[in-house]
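Coordinates only, no sequence provided:
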């Protein structure tokens, strides 16, 4: 298990990464830390190729048109940024910024950071800053919503097909292939092997395998936080016994979801009815 002290000069002694020797209980004194797993093995080049392919497909999707719409002799083309631009014209710039972030910026930053880590991971001693870069790439995973955008394009194509003439262009095919490549990349990337390659040290200050240990939400490592700076020794993310203000945030999200679930017309009619009373 990562983070346990390995036996040093004899039973009851354990050595930390700082060279100190501490006493540990007899039942774990002989516990040896398992050797790190080989990084990906034959899949390493495959994962890099998938990351490069996804990056190229994302650039193609952002720079080409997705589809053409023709009605009454008027033909227009739609790109990945057509929706956010229309939202800005409708005085909903904040929503347009969110759409651009989850469909372009978050996937792009995640791919660039992951590819950078994979390229430099073969070094004999990977630089320490790779941990923070890979941790941020992992935090961007929930915000990368290319799959949701593909679903929206499919719904628009089905709904508008009877009203206008729609022609699919190169961008939409690149978007579909990008979705499958991202799924393939997520399934092929062994994140635990990456973390083990980035972090080879043991945890300092552990005298009992379970006392005071906390799990990291970013990399999944179980460790004992320091008294002054409770951070994960592997990815340097902040550690918490519980998520801060989790109950208040949950109730706030539930209330916001309930309000947004009600159609705007119903809210307007309810407000008008209340004013009439």
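Yep, it's here. None of the values given here were measured: they were computed from a predicted structure.

Run a quick neighbour tally on residue 87.
Burial of residue 87 is recorded as 18 neighbouring residues (other C-beta atoms under 10 Å). C-beta here means a position set from N, CA and C on the backbone, and glycine is covered the same way.

Return the distance of it relative to residue 95.
5 Å (C-beta to C-beta, to the nearest Å).

what's the answer for residue 165, then?
For residue 165, the distance to residue 95 - C-beta to C-beta - is 28 Å.

In terms of neighbours, single out the busier of the two.
Comparing residue 165 with residue 95 by other C-beta under 10 Å, the one with more neighbours is residue 95, at 14 against 11.

quick one: contacts for that one?
residue 87 (C-beta atoms under 8 Å, 6 or more residues apart in numbering).

Please apply the same query to residue 176.
Neighbours of residue 176 in contact, by C-beta under 8 Å, 6+ apart: residue 150.

Toward the C-terminus, what is the element adjacent to the helix or strand harbouring residue 94?
Using DSSP states H and E, the element containing residue 94 is helix 93-100. Following helix 93-100 in sequence order, the next helix or strand is helix 106-120 (DSSP H and E).

Would you mind listing the outside residues contacting that following helix?
Helix 106-120 is contacted from outside by 44, 47-48, 51-52, 54-55, 58, 126-127, 130, 133-134, 136-137, 140-141, 143-146, 182, 189, 194, 198, using C-beta under 8 Å, 6+ apart.

Mind checking which of these land in strands?
Among the contacts of helix 106-120, DSSP state E puts none in strands.

Return the members of the residues you listed classed as buried.
44, 47-48, 51, 54-55, 58, 126, 130, 133-134, 137, 140, 144-146, 182, 189, 194, 198 (16 or more other C-beta atoms under 10 Å).

I figured residue 221 hits residue 232, correct?
Yes. The criterion here is C-beta atoms under 8 Å, and residue 221 meets it with residue 232 at 5.9 Å.

ok, so what distance separates the residue nearest the centre of the chain from residue 243?
Nearest residue to the geometric centre of the chain (C-alpha atoms, centre = their mean): residue 141, 1.6 Å. According to C-beta to C-beta, residue 141 and residue 243 sit 17 Å apart.

Over to residue 81?
Taking C-beta to C-beta, one finds residue 81 at 35 Å from residue 243.

Show me which of the two is the more surrounded one.
residue 81 (16 against 10).

so what pLDDT did that one get?
In this prediction, residue 81 carries a pLDDT score of 89.

any idea how far it lies from residue 61?
Taken as C-beta to C-beta, the span from residue 81 to residue 61 is 11 Å.

just residue 93 next, same as before
22 Å.

higher neighbour count, those two?
residue 61 (26 against 12).

how about stretch 247-257: buried residues?
Of the residues in stretch 247-257, none is buried (16+ other C-beta under 10 Å).

residues making contact with it?
So stretch 247-257 is in contact with residue 243, going by C-beta under 8 Å, 6+ apart.

do the same with stretch 45-65
With C-beta under 8 Å, 6+ apart, stretch 45-65 has contacts from 40, 77-81, 104, 107-108, 111-112, 114-115, 118-119, 169-171, 174-175, 177-178, 181-182, 184-185, 188-189.

let's see 7 Å
Contacts of stretch 45-65 from elsewhere in the structure, counted by C-beta atoms under 7 Å, 6 or more residues apart in numbering, are 40, 77-80, 104, 107-108, 111, 114-115, 118, 169-171, 174-175, 177-178, 181-182, 184-185, 188-189.

just the buried members of those?
Applying 16+ other C-beta under 10 Å to the contacts of stretch 45-65 flags 40, 78-80, 104, 107-108, 111, 114-115, 118, 171, 174-175, 178, 181-182, 185, 189 as buried.

And the helices in the stretch 151-277 of the chain?
170-188, 191-198, 246-261, 264-276 (DSSP state H, counting those that start in this stretch).

quick one: which of those helices is nearest residue 67?
helix 170-188 (5.7 Å; C-beta to C-beta).

The closest one versus helix 106-120: what angle between them?
If you take axes from the mean of the first three to the mean of the last three C-alpha atoms, to 10 degrees, helix 170-188 sits at 50 degrees to helix 106-120.

and helix 170-188, what's its mean pLDDT?
90.
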